[in-house]
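Participant: here is a sequence with its predicted model. Questions after.
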2 protein chains.
Amino acid sequence: MTQHDLDPQTQPATHDRPTDARAEAFQGVREARSRELAEDYVELIAELIHDHGEARPVDIAARLGVKVPTVSKTLDRLAREGLITRAKYRSVFLTDDGRSLAKECRRRHEIVLRFLISLGLDPETAERDAEGIEHHVSERTLALFSAFVSRS
Amino acid sequence: MTQHDLDPQTQPATHDRPTDARAEAFQGVREARSRELAEDYVELIAELIHDHGEARPVDIAARLGVKVPTVSKTLDRLAREGLITRAKYRSVFLTDDGRSLAKECRRRHEIVLRFLISLGLDPETAERDAEGIEHHVSERTLALFSAFVSRS
DNA sequence: ACTGATTGTTAGCAATGTCTAACTTTATGC
DNA sequence: GCATAAAGTTAGACATTGCTAACAATCAGT
Ligand SMILES: [Mn+2]
Ligand SMILES: [Mn+2]
Ligand SMILES: [Mn+2]
Ligand SMILES: [Mn+2]
């Protein structure tokens, strides 16, 4: 390859994880990143349906802090992906897949949130951090978070 | 607004955080999301310069698991944003801003990583989760993570 | 110093995710 | 039931992030 990789002396003791493993990690993160939006949507849609009986684009938009046309376009994609069903000018419904994903997301969200609060974080910040972190925790980490919450 | 929000009975005891606060949380997450890539790049560039004396697109690409033209285009953006300097066909350098961001990112990365490992996670998974989580932890959370690591 | 291998750039495609503006449909209030 | 308000859609713009293919520059071994 390059001269560097052939010379161990030029590699001064930083973790020196294999390049491929790092690439895999980054690929995993990119993968998770690409699912984040759909996860936030279905989680929110499930909540709206539960709390209000229906999920309307205008309510989704208000809670996500985006404009309605943005929601409309994203909902088209979710429908294409089989997570929701929708009819023109009507509110949105989850498919079985969508409901199942929503449930999984809500579970992750709750675990992360309770964990952060158990650690001593204020609920506001916990909510904000959880909203981002939830998409990037492995099942293993989730298990450790759960255990910590129980134990504390 | 809509009939729902006017009728408290239809709001069955889910956390019922104000809509605006949620929107702000999501906006914060989107903001963080938009910075993730730049953060991963400068952190990696700093590491390559430290470990190998220079940061070449081909090495960045190998470690991120993307193709070289993707890196080239992203580096143009980072240059435009003032995080790096580059000359055609040459390797990349960090500006003061870039170096400062890299340092901050590395610090976050290390804290999150050590925290996850302290919790009991295996180093492989810890590395993967940290790579995603690092972009979504507030300074407060970081402080709690640090404290936990010290105390354990 | 040539030449072939490696590295880097450019152009162009596609998907995503955001917006505004203009329009259509549905719901509300009298 | 009609007029107006609210909600939803569509079109079109723009930035980002990925890719491949084609080309250009640099490096390395002889
Ligand atoms: Mn989220
Ligand atoms: Mn969530
Ligand atoms: Mn990262
Ligand atoms: Mn990192």
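Facilitator: That came in fine, so what should we check first? Ligands and ions are numbered 1, 2, ... in the order given.
Participant: for chain A, what's the longest helix?
Facilitator: helix A:19-52 (DSSP state H).
Participant: helices or strands next to it in the packing?
Facilitator: Helix A:19-52 sits against helix A:57-64, helix A:68-80, strand A:93-94, helix A:96-119, helix B:19-52, helix B:57-64, helix B:123-133, with contacts defined as 3 or more C-beta pairs under 8 Å, 6 or more residues apart in numbering or on different chains; DSSP states H and E. Using the backbone N, CA and C atoms, a C-beta is placed for each residue, glycine as well.
Participant: deepest of those, which one?
Facilitator: helix B:123-133 (a mean of 22; mean count of other C-beta atoms under 10 Å in any protein chain shown).
Participant: next one: the following helix or strand past that one to chain centre, how far?
Facilitator: Once helix B:123-133 ends, the next helix or strand along the chain (criterion: DSSP states H and E) is helix B:139-151. Relative to its chain's centre, helix B:139-151 lies at 17 Å (C-alpha atoms, centre = their mean, to the nearest Å).
Participant: what angle do helix A:96-119 and helix B:139-151 make with each other?
Facilitator: 60 degrees (axes from the mean of the first three to the mean of the last three C-alpha atoms, to 10 degrees).
Participant: got the buried residues for helix B:139-151?
Facilitator: Of the residues in helix B:139-151, B:140, B:141, B:142, B:144, B:145, B:148, B:149 count as buried by neighbour count, 16 or more other C-beta atoms under 10 Å in any protein chain shown.
Participant: and residue A:20, what does it touch?
Facilitator: Applying C-beta atoms under 8 Å, 6 or more residues apart in numbering or on different chains to residue A:20 gives no contacts.
Participant: quick one on the thing from earlier: in JSON lines: the helices and strands packed on helix A:19-52, plus distance to residue A:132.
Facilitator: Below are the helices and strands packed on helix A:19-52 laid out as JSON lines (distance: least, C-beta to C-beta, whole Å):
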{"stretch": "helix A:57-64", "distance to residue A:132": "14"}
{"stretch": "helix A:68-80", "distance to residue A:132": "18"}
{"stretch": "strand A:93-94", "distance to residue A:132": "23"}
{"stretch": "helix A:96-119", "distance to residue A:132": "9"}
{"stretch": "helix B:19-52", "distance to residue A:132": "4"}
{"stretch": "helix B:57-64", "distance to residue A:132": "20"}
{"stretch": "helix B:123-133", "distance to residue A:132": "8"}
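Participant: establish whether stretch A:70-88 and DNA strand C are in contact.
Facilitator: Yes - Stretch A:70-88 is in contact with DNA strand C by C-beta under 7 Å from any atom of the strand, via A:70, A:73, A:74, A:77, A:88.
Participant: who touches the residue of chain A found nearest ligand 3 in this structure?
Facilitator: Closest residue of chain A to ligand 3, C-beta to the ion: residue A:29 (6.0 Å). The neighbours of residue A:29, taking C-beta under 8 Å, 6+ apart as the test, are A:136, B:128, B:131, B:132.
Participant: and it, how close does it get to ligand 2?
Facilitator: 18 Å (C-beta to the ion, to the nearest Å).
Participant: repeat for residue A:105
Facilitator: 6 Å.
Participant: so which bits of chain A are right by ligand 1?
Facilitator: A:40, A:131 (C-beta under 5 Å from the ion).
Participant: centroid-nearest residue for chain A?
Facilitator: By C-alpha atoms, centre = their mean, chain A has its centre lying nearest to residue A:135, at 2.8 Å.
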